[in-house]
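Enquirer: Need a 3D model of the following:
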Amino acid sequence: MKEIIFEVQEDEVDGGYHAHALGYAIHTQGDTLDELRSMIKDAVNCHFDENDPDRPRIIRLHFVRDEVLA
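Expert: Sure thing, here's the model as predicted:
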């Protein structure tokens with residue numbers, strides 16, 4: 001099964017989320033997590049043809065969070 005991984009970060013300044021696919025030129029954003037999930041599915045559908053053998057069947061989201069301790 002083919003899989004694609006998106007790195008997801010929360011935009012601390014403007015709010016919302018942005019995501020980019022690891023190994024692919026796919027980037028998208030959304031104001032909420034539900035909107036981001038929908039935008040990611042749409043971006044993957046636009047990037048890969050329906051009959052493309054490399055089209056991923058699984059989309060994995062990897063949430064990245066920076067934490068600063070003083």
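
Enquirer: Do a quick rundown of the helices in this structure.
Expert: Assigned by DSSP state H, the chain shows helices spanning 33-47.

Enquirer: any idea how far residue 13 is from residue 26?
Expert: The gap separating residue 26 from residue 13 is 23 Å, by CB to CB, to the nearest Å. Just so you know, the C-beta spots here come from the backbone N, C-alpha and C atoms, and that holds for glycine as well.

Enquirer: Could you do residue 28 as well?
Expert: Relative to residue 13, residue 28 is positioned 18 Å away (CB to CB).

Enquirer: Can you give me the neighbour number for residue 64?
Expert: Neighbour count of residue 64, defined by other CB atoms under 10 Å: 9.

Enquirer: got the contact list for it?
Expert: Shown in contact with residue 64 (CB atoms under 8 Å, 6 or more residues apart in numbering): 7-9.

Enquirer: Would you reformat these as CSV and include pLDDT and neighbour count?
Expert: Formatted as CSV, those follow (pLDDT from 0 to 100; neighbours: other CB atoms under 10 Å):
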residue, pLDDT, neighbour count
7, 98, 13
8, 98, 21
9, 96, 15
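
Enquirer: quick check, nearest of these to residue 53?
Expert: Proximity of the contacts of residue 64 to residue 53 (CB to CB) peaks at residue 7, which lies at 24.4 Å.

Enquirer: what bits of the chain have low per-residue confidence?
Expert: 1 (pLDDT under 70).

Enquirer: What segments of it are strands?
Expert: Along the chain, counting by DSSP state E, strands occupy 3-10, 17-21, 27-30, 58-64.

Enquirer: Please consider this matter closed, and thank you.
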